[in-house]
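Enquirer: The following comprises the amino acid sequence and a computationally predicted model.
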Amino acid sequence: MGKHHKEKLLLVFCLVSTFAISMVVFDREARSADLPRSRQNKGLSHIGNTSPDNTATLSPVEQQQSERLKRFHQYCNSNSPGSKRFSPDINLGRYSVSEKYKLIYCFVPKTGSTTTAHVMYQLENGRGTNKFLNRTPGLYLKRLSDYSKEEASLRLRTYTKFITARDPIQRLESAWIEKFLKGPQRDEYTEKYQSMMETVPHLNLKNKSPGDKVGNSSLQQIPFLAFMKAVARQQKRWYNSHWEPAYIRCSPCQVDWDYILHTDTLAQDYHHMFQKLGMSDMEDILPPVRPRKAGANFQERFENIPIGLLWRLKEMYKPDYEMFGFSQENELKKILHIETNNR
């Protein structure tokens, strides 16, 4: 067994231990601290009483929503406003509004945001109206920033609020695939972020084959390793909303969410939400169940990512992992499984 592999095994052991300890702390804090009154009355109201006696009566999707909201509330109650891991003030321009159905959604790119923008646009303007747009429908949606402070505050208190979340590492992979590998904006992003190549000076770029060039022959394709290193360095010149942590982008702990949707269960989560909100007649506009774009070559891409880099990214996205219930340990196990089979 090689040194690199032993280091990864050791890290997995440490991560699992840390995760187990955090779960115990979360549980103790949740029992010792009452939820804010608004969360008690609203956070889980759409799925009924979630007391132990009533949990068995919930459907699997309802139980899943209950667990997501519970963990989210635990995280926010465990982190005071002065903590670095607590969400900053809300940017109202990132919240879209459907007045017709009284919905509010915060855009987190690469979590199903484009799909959600199509759904929100059709809810407000009618079935099929999104087909006639020449730009992403998200640009046409009304935002909370379009209202006065009082009007925005009223809607945040009274409208149904939902957010889509995704495993941070999978979200990073998806962002790289779309923006640097084969998406329609590949050339634009490659030129804008060409300086990311500074993070991999050991690569002999001059001798790369023509297939590694993008658009203009002077531009080098951004390797996955360079992208991941650039994101981890958190420099302003390499910032982009497609890999900005959700806890920074949407200030989740400032909002009493009614639903938390996950990218890998997006279709069923939408179906559940529409059913509960009495919007079944609009279910035909919802996305079909389909495989995620990211993940097909997951292990292959991550095998060459240094373990120290994965650790820095884990710390960078730690609030997202914890508040939305994702586990980086599972992703590391996938990588280790492939390596073990190849040795």
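Expert: Done, it's in.
Enquirer: for the one helix or strand Thr116 maps to, the distance to its chain's centre please.
Expert: Secondary structure from DSSP states H and E places Thr116 in helix 113-125. The chain centre lies 18 Å from the centre of helix 113-125; the measure is CA atoms, centre = their mean, to the nearest Å.
Enquirer: continuing past it, what's the next helix or strand?
Expert: Reading on from helix 113-125 to the C-terminus, the next helix or strand found by DSSP H and E is strand 142-143.
Enquirer: now for the helix or strand following that next one, which elements pack on it?
Expert: Using DSSP H and E, the helix or strand that follows strand 142-143 towards the C-terminus is helix 149-158. Where contact means 3 or more CB pairs under 8 Å, 6 or more residues apart in numbering; DSSP states H and E, helix 149-158 is not packed against any helix or strand. All C-beta spots, glycine's among them, are computed from the backbone N, C-alpha and C.
Enquirer: Tell me the buried residues in helix 149-158?
Expert: By neighbour count on 16 or more other CB atoms under 10 Å, the buried set for helix 149-158 is Ala152, Arg155, Leu156.
Enquirer: pretty sure the second one contacts Lys142?
Expert: No. With contact defined as CB atoms under 8 Å, Arg155 does not count as touching Lys142 (10.3 Å).
Enquirer: Give the residues shared as contacts by the two.
Expert: Common contacts of Arg155 and Lys142 (CB atoms under 8 Å, 6 or more residues apart in numbering): Val97.
Enquirer: now the buried residues of helix 149-158 in CSV, with distance to Asn125 and pLDDT?
Expert: Formatted as CSV, those follow (distance: CB to CB, whole Å; pLDDT from 0 to 100):
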residue, distance to Asn125, pLDDT
Ala152, 22, 97
Arg155, 19, 97
Leu156, 23, 97
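Enquirer: Just the closest of the residues you listed to Glu99, please.
Expert: Distances from Glu99 to these, taken as CB to CB, are shortest for Arg155 (8.8 Å).
Enquirer: which residues touch that closest one?
Expert: Val97, Lys102, Ile104, Leu144, Tyr147.
Enquirer: which residues does the third one contact?
Expert: This points to Ile104. Tyr95, Ser96, Val97, Ser98, Leu144, Arg155, Leu156, Tyr159, Thr160, Lys161, Phe162 are the contacts of Ile104 under CB under 8 Å, 6+ apart.
Enquirer: Got phi/psi on it?
Expert: Backbone geometry at Ile104, expressed as degrees, to the nearest 10, gives phi -130, psi 130.
Enquirer: circling back: kindly indicate which of the contacts of Arg155 lies nearest Trp311.
Expert: For those, the nearest to Trp311 is Ile104 (35.2 Å; CB to CB).
Enquirer: can you tell me the helix or strand for the residue nearest to Tyr75 when sequence neighbours are not counted?
Expert: Leaving aside its sequence neighbours, Tyr75 sits nearest to Met323 (CB to CB, 6 or more residues apart in numbering; 4.1 Å). For Met323, the host element (DSSP H and E) is helix 318-324.
Enquirer: Ok, Ala232 next?
Expert: Short version, using DSSP H and E: Ala232 is in helix 224-233.
Enquirer: Same question for Gln74.
Expert: Using DSSP H and E, Gln74 falls within helix 60-78.
Enquirer: and what of Glu173?
Expert: Per DSSP H and E: helix 168-176 holds Glu173.
Enquirer: Toward the C-terminus from that helix, list the very next helix or strand.
Expert: Next element after helix 168-176 (DSSP H and E): helix 186-192.
Enquirer: And the helix holding Gln74, what does it pack against?
Expert: helix 3-32, strand 259-262, helix 266-276, helix 318-324.
Enquirer: how about a cut-off of 6 Å?
Expert: Taking 3 or more CB pairs under 6 Å, 6 or more residues apart in numbering; DSSP states H and E as contact, the helices and strands that helix 60-78 lies on are helix 3-32, helix 318-324.
Enquirer: and the angle for it with helix 266-276?
Expert: With axes from the mean of the first three to the mean of the last three CA atoms, to 10 degrees defining the directions, helix 60-78 sits at 90 degrees from helix 266-276.
Enquirer: Parallel or antiparallel, which strands does the following helix or strand past helix 60-78 pair with?
Expert: Remark: after helix 60-78, the chain's next helix or strand is strand 95-98, criterion DSSP H and E. The pairing partners recorded for strand 95-98 under DSSP bridges are strand 103-106 (antiparallel), strand 142-143 (antiparallel).
Enquirer: Quick one: closest of the ones you listed to Asp284.
Expert: Nearest of those (CB to CB): strand 103-106, 17.3 Å.
Enquirer: sorry, back to before: next one: the helix holding Ala232 to chain centre, how far?
Expert: That offset, for helix 224-233, works out to 18 Å (CA atoms, centre = their mean).
Enquirer: Dump that helix to CSV, restricted to CA.
Expert: Provided in CSV are the C-alpha atoms of helix 224-233 (Å, rounded to 0.1, in the frame of the first residue of the first chain):
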residue,chain,number,x,y,z
PHE,A,224,-9.5,20.1,-12.9
LEU,A,225,-6.5,20.2,-10.5
ALA,A,226,-5.9,23.9,-11.4
PHE,A,227,-9.5,24.8,-10.9
MET,A,228,-9.7,23.1,-7.5
LYS,A,229,-6.5,24.7,-6.3
ALA,A,230,-7.8,28.1,-7.4
VAL,A,231,-11.1,27.7,-5.6
ALA,A,232,-9.3,26.7,-2.4
ARG,A,233,-7.1,29.8,-2.5
